[in-house]
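Participant: Whatever this is, show me its structure:
(2 chains)
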Amino acid sequence: MRKLIVFFVIILTGVFLISCRKEGAKLYEVSITVTYPAGYSYTDLSNIKVTVMNNLSSRQDTDRTNASGISYLLLEEGTYTVSASFQTTEFAFNGNSETVSFNPANLNLKINLVAVALKGGLVFKEVYYSGSKTPAGTNYYSDQFHEIYNNSDQVIYLDGLCIGTLEPMGTTASAWVKSDGTPRDSLPITYHTWMWPGTGTTNPLAPRTSVVLAQDGIDHKTDPAGNPGSPVNLGGAHWETYVQTSGKDTDSPGVPNLICIYTTSTAMFDWLSAVGGGAIVLFRLPTGLDYQTFVNNPANFEKKPGSAAATQYLMVDKSWVIDAIEEVNADPTKQFKRLHTSIDAGKVSCSSSYNSKSIRRKADKIIDGKVIYKDTNNSTVDFLGDLIPTPFIHPTTVDVK
Amino acid sequence: MQFTSSTGSASFATTATGGTDVRQVSVDNIESVEVIRGIASVENGDMLSGAVKVNLKKGKTPLTAKLKVDPEIKQIYIGKGILLPQGKGSLNMDFDFTQSLDDIRYKYKTFNRINGGIGYNTVLFKTTKPLNLNASVRASQTLDVNAKDPDMRNYEKYESKDQSLGLILSGKWSLNSKLLTSLNFNISGNLQHQYGHEVDLQSLNGPMPQPISLVAGEHVTQYLPSIYVSDLIVDGKPYYLNSKLSGTKSLHIGSVYNNIVFGTDWKQLGNNGRGRFYDLAFPPNGMGSTDSRPRSYKDIPAMKELSFYAEENLSAPIGSTKLDIQAGLRFTNIQPKGLFRSTVETTMLDPRFNIKYTVIDKKNNKNLKSLVLRFGWGTFSKAPTMLHYYPDKAYFDKVSFNYYDPPNSLLVLTTKIYEDTRNYKLKPAVNKKFDGGIDFKIRNIEVTLTGFYEKMVNSFSFEKYYSTNIYNVYESLGQSGLNPYYIEGNGVYYNDLVSGNPIKINAIQDTLFASYSYPGNNDQSVKKGIEFTVDFGTITLLRTSFVLDGAYMNIRKQSVNSYLAQTVLTYMGKEFPLVGLYPGGDGTTTERLNSNLRTITHIKELRTIFTITTQIIWMERYQNIYDDASGNPLFYTKTPAEDIYADNENIKYINAIGYYDMNLIYHTFDPLTATQKPYSDLIKSYNDPNYFIRRTFPPTFQINLRLTKEISDKVDFSFYCNNVTNYQPLMRVIGLKQVYMRRNQPIYFGAEIRIKI
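Facilitator: Numbering: from 1, shown residues only, chains lettered A, B, ... in the order given. A predicted model of the protein is given here:
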């Protein structure tokens, strides 16, 4: 009799154990729709990787979207973190949604991807070099400015950034050429070479924002020493090139000055860009913020080939160049290349000097209201000429290609 | 005049150095021109090499009208000489009008001038002691140079005026007394008024400081308005006075004929003009990089020169030969104090000596008709000019504080003035000349052959004077609206916006070199060569005479002493902080061999004279040099070259001897430690590897033509053309790679017609 009771207990325990075995939770079909950000014109939404992670169990499921950008997953009810990512050569797309709650009442999720530019850095957004005419008909060129834009999605520090204009400034063929006539790899900066001050992180430039560098940071239109015929008010300029040695430049008190690290002439009264168009470069020194070591080394300077003049030019290797523009004269017989093709394969011009017009980079895309400027290292294709200057302002519509 | 850098406008400025303006002598009134070469007589002073003496017409001349034309000048001339009745002498009058066109496209650049003169010549005491007297007056004036460039605005002006008046009184009195054979005097005076006026619209780019202080130190100044009208006047009134008195005594001592000349000269030149002046508030070159101030010419002391000279000319027959000796001495005293002392310590003593030995002078010798041997040596001194002695002050303006925030801007300038930029050690330039030669005549061919050697020391050069300019640089204020103010002698302050307490702005002292150029005597030149002339005489059959002349000349110019210079002007963003001392010895050598063949064809039947001159330059060479006193090159190349002057691959370098730093302390230069800037910049480099290569120019020639024809007894016509074939070849320069040079001047011609009324 006892043997039978033990047997029954064992059988029942087994039955109980079997009947207490948990069943799997109910799975629901969840649809996750991925969309590109506003302004991005690419239409292929397929094959975007979607990752879903259960916040409690940390279990991850991945899937790829179909042609409509929808991914279907079977998931339990719960709170999840959903992310989607995708990469092209230009951008990295990422979308993230944390603490998404999936339950029978809510089984759809839309993820908006955010684009991050993979390359892109500092570029010249706009340069106004032509100058303007005074009401009396004389020439005025103190209102020149250069606007530099952070064309990437990371903060870039302006500390140690350098800017300069190349020799020759006028409309003669460059003497700085290789035996085949093409521009050399090292570029001569004439007149002043300027550097942004700072200790390394003093002057950040937020992504998709710009700074305006003025020759004279005053309101040229209304200032008594200005020109009523000038198209710009540079009183709000972020930076100014103040030449102390000439004794003929103004130092606008509200506008911080750049450091002049080297000049070929102490008599030149201000940093004047060629009104007919010069070649300008934005670069960083290999010695970084330490410009004294660079400028004290005689190997970084050269005299003009074929000239008996004693002027020594600061030489910039093309690999240090961040951005450059080949601004030229409107007359095709007076256009000579100064920049190597790899830095700028093209040319851009204004129809004449002193016409109060500027050149601006084309807005390639406007994503989330922020402009991404076209930069293919070819100013023929990347720039528009003869525009009314718009310092501080960025376009709201894309420029026709 | 001291130079800081090039001064601005007024290119039509005055010739404040004075002297006779040769433009005022009407060419048609010239009787003869005497070119003084070789070892000139001591009667000629204050010249380095030679002189041109112009003798004007005297006596009766027919009423002549001339019309002259060439690409740049049109001129009409009328002249006449009349004999006064009863032997009272002659009167010569002339008048001309010249129009000179710089460029026919710009009518406003025409230059018109009228010029006229009257000369009176007479002989007094004809029977006893004849006195040849000459008095003349000459006046000239430029006309209508009120240039109205049609592109100028209405109030803009560009005008200049030039007028002059000259008087000469000269005489030669043949006293024939025991003491004096003749007495000569010449008094001449010249007054000029040169006036230039320029009204210009100045348009500045950006606010610029107004340099007005005539006192050194830190001062508040204003910003120049961005547009204003400047009014510049250059007013010069140079005058020149020269009086000469000399006596000659001729006597025979045995068979030797002596002519002793002794005399004295007095020269004075100065300028009574107002000078260069403008309203300091509206300077004519606001954007220029120099700091200049107006200068009055009246304040410059006049230059006075007193000379004495004595010379003996003797001619001694020795058998059938003749010996001529000319020996003289000239003493010149500049700014004299008494007879022999000079207030500027400049006196010059020039001995001159010429000897001529005529070996053969017989006309009955068929072949060798004459043979003359010549030799001479002499010293020629040239005094510095008035502006060398009395240069202008040098001004330097530097910005100490620059706060542009209208209407409460503040600008503080520090002005440094070098009050006296004169070089008190300036000496006259002295040229020692030797020459010797042979003249002979074989049959009808006359040959002269001369060798010469000249060495000029203490030649005028421009040197640079360096000193430091230490001035305050006040910190830049980072914000506008602070309303700073300046307290004289104290500094720049502003009031704290919250508390109202005055805050002194920090200042650092900045030092830089300020330099100006002054005249010095640091150049020297050696000139040597041979000249020859062969006159073949007239070949009657061809009715042509042939003259061949030519010369070989070698000139070597070099600086002598070491000099201060900055070969590089910038260091980092500022002025270069060192001044180097470089060795003397840089210069040039030039060599040339040329000959001219002149053929003069006179065809009586056609009443024409035809002259063709063929100028041939056989060889011309030019080279830059940099040698020490022994002739060793002072420059080097990084990879040693065998013949450094012939090397055309490597860059050439010259080390400084030493340098001065900003504390004006001298250091010797050690090239081994000079690897970093700015010390590495003390090594001067010649970027062009061909800089010291000798350049040789291939031979070239040019043909000039002149034709004179008498159309009738009263009319004759002349035509000349230089470089008739317009031969301007592009020739390769030997010594350089692929460098070409265009030789010869472009074709130039003119014509003249003369009518005797």
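Participant: From residue B:678, how far off is the closest residue to chain A within the stretch 451-600 of chain B?
Facilitator: Residue nearest to chain A within the stretch 451-600 of chain B (CB to the nearest CB): residue B:573, separated by 3.3 Å. No exception for glycine: its C-beta is placed from N, CA and C like everyone else's. As judged by CB to CB, to the nearest Å, residue B:573 and residue B:678 stand 13 Å apart.
Participant: what's the answer for residue A:112, then?
Facilitator: The value you get for residue A:112 to residue B:678, if CB to CB is used, is 59 Å.
Participant: Between the two, which is the more surrounded one?
Facilitator: residue B:678 (19 against 16; other CB atoms under 10 Å in any protein chain shown).
Participant: any idea of the pLDDT on the more buried one?
Facilitator: pLDDT, residue B:678: 90.
Participant: Quick check: phi and psi at it.
Facilitator: Residue B:678 adopts backbone torsions of phi -80, psi -10, taken as degrees, to the nearest 10.
Participant: gap between it and chain A?
Facilitator: To chain A, residue B:678 is 8 Å away according to CB to the nearest CB, to the nearest Å.
Participant: So the chain: which segments form each domain?
Facilitator: Looking at chain A here, since you left the chain open. Chain A breaks down by automatic domain parsing into domains covering A:25-117, A:122-387.
Participant: Switch to chain B, please.
Facilitator: B:22-432, B:470-508.
Participant: Strands of the stretch 51-200 of chain B, start to end?
Facilitator: With DSSP state E, counting those that start in this stretch, the ranges of strands along the stretch 51-200 of chain B come out as B:51-56, B:61-70, B:73-83, B:90-100, B:111-124, B:131-143, B:146-147, B:157-173, B:182-203.
Participant: Let's have those strands in a markdown table, adding mean neighbour count, mean pLDDT and distance to chain A.
Facilitator: Shown next, in a markdown table, are the strands of the stretch 51-200 of chain B (neighbours: other CB atoms under 10 Å in any protein chain shown; pLDDT from 0 to 100; distance: least, CB to the nearest CB, whole Å):
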| stretch | mean neighbour count | mean pLDDT | distance to chain A |
| --- | --- | --- | --- |
| strand B:51-56 | 13 | 75 | 37 |
| strand B:61-70 | 16 | 89 | 36 |
| strand B:73-83 | 17 | 90 | 36 |
| strand B:90-100 | 18 | 90 | 32 |
| strand B:111-124 | 18 | 89 | 29 |
| strand B:131-143 | 18 | 90 | 31 |
| strand B:146-147 | 16 | 57 | 20 |
| strand B:157-173 | 18 | 88 | 17 |
| strand B:182-203 | 19 | 89 | 4 |
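Participant: interface residues of the stretch 551-700 of chain B facing chain A?
Facilitator: B:567-570, B:572-575, B:675-677, B:680-681, B:684-688, B:691 (CB under 8 Å from any CB of the partner chain).
Participant: can you rerun that using 6 Å?
Facilitator: Neighbours of chain A within the stretch 551-700 of chain B, by CB under 6 Å from any CB of the partner chain: B:567, B:568, B:570, B:572, B:573, B:574, B:575, B:676, B:677, B:680, B:687, B:688.
Participant: so how far is residue A:240 from the third one?
Facilitator: Taken as CB to CB, the spacing of residue B:570 relative to residue A:240 amounts to 21 Å.
Participant: Look at these two and report which has more neighbours.
Facilitator: The residue with more neighbours, out of residue B:570 and residue A:240, is residue A:240; 25 against 22, by other CB under 10 Å.
Participant: And the pLDDT at the more buried one?
Facilitator: 93.
Participant: Does it touch residue A:257 like I think?
Facilitator: Yes: shown here, residue A:240 and residue A:257 form a contact pair, counting by CB atoms under 6 Å, at 5.5 Å.
Participant: Can you pull the residues of the stretch 351-500 of chain B lying near chain A?
Facilitator: B:398, B:399, B:402, B:404, B:405, B:406, B:476, B:477, B:479, B:480.
Participant: how many neighbours does the first one have?
Facilitator: Under the neighbour criterion other CB under 10 Å, residue B:398 is assigned a count of 25.
Participant: Now for it: which residues touch it?
Facilitator: By CB atoms under 6 Å, 6 or more residues apart in numbering or on different chains, residue B:398 lies in contact with A:247, B:414, B:471.
Participant: ok, of the residues you listed, which one's closest to residue B:546?
Facilitator: Comparing the contacts of residue B:398 against residue B:546 with CB to CB places residue A:247 closest, at 66.8 Å.
Participant: Show me what the closest residue to the closest one other than its chain neighbours bridges to in the sheet.
Facilitator: Spatial nearest neighbour of residue A:247, chain neighbours left out: residue B:399 (4.2 Å); criterion: CB to CB, 6 or more residues apart in numbering or on different chains. Residue B:399 has the following beta-bridge partners by DSSP bridges: residue B:413.
Participant: neighbours around residue B:399, how many?
Facilitator: Considering only other CB under 10 Å, residue B:399 is surrounded by 22 other residues.
Participant: Let me know the distance separating the residue nearest the centre of chain A from residue A:375.
Facilitator: Chain A has residue A:151 as the residue nearest its centroid, 1.7 Å off, counting by CA atoms, centre = their mean. According to CB to CB, residue A:151 stands 6 Å off from residue A:375.
Participant: so what sits against both of the two?
Facilitator: Joint contacts of residue A:151 and residue A:375 (CB under 6 Å, 6+ apart) are residue A:123.
Participant: All the helices of chain A, in order from the start?
Facilitator: Here chain A has its helices, by DSSP state H, at A:2-20, A:291-296, A:379-382.
Participant: do the same with chain B
Facilitator: B:386-389.
Participant: Could you point out which residue ranges in it have low pLDDT?
Facilitator: B:1-29, B:48-50, B:102-104, B:106-109, B:144-154, B:286-291, B:363-365 (pLDDT under 70).
Participant: In it, which strand is the longest?
Facilitator: strand B:507-539 (DSSP state E).
Participant: chain center to it, what's the gap?
Facilitator: Here strand B:507-539 is found 11 Å from its chain centre; the criterion is CA atoms, centre = their mean, to the nearest Å.
Participant: Deepest-packed of the domains of chain A, please.
Facilitator: Of all those, domain A:122-387 has the most neighbours on average by mean count of other CB atoms under 10 Å in any protein chain shown, namely a mean of 20.
Participant: Span of that domain from start to end?
Facilitator: This stretch, domain A:122-387, spans 21 Å end to end (CA to CA, to the nearest Å).
Participant: Stretch B:121-140 too?
Facilitator: 21 Å.
Participant: contacting residues around that stretch?
Facilitator: So stretch B:121-140 is contacted by B:24, B:58, B:89-90, B:115, B:117-120, B:164-175 (CB under 6 Å, 6+ apart).
Participant: residues touching the nearest residue to residue A:174 once chain neighbours are set aside, list them.
Facilitator: Of all residues not flanking residue A:174 in the chain, residue A:338 sits nearest, at 5.0 Å (CB to CB, 6+ apart). Shown in contact with residue A:338 (CB under 6 Å, 6+ apart): A:166, A:174, A:183, A:279.
Participant: Show me which of the residues you listed is closest to residue B:375.
Facilitator: For the contacts of residue A:338, the nearest to residue B:375 is residue A:174 (60.3 Å; CB to CB).
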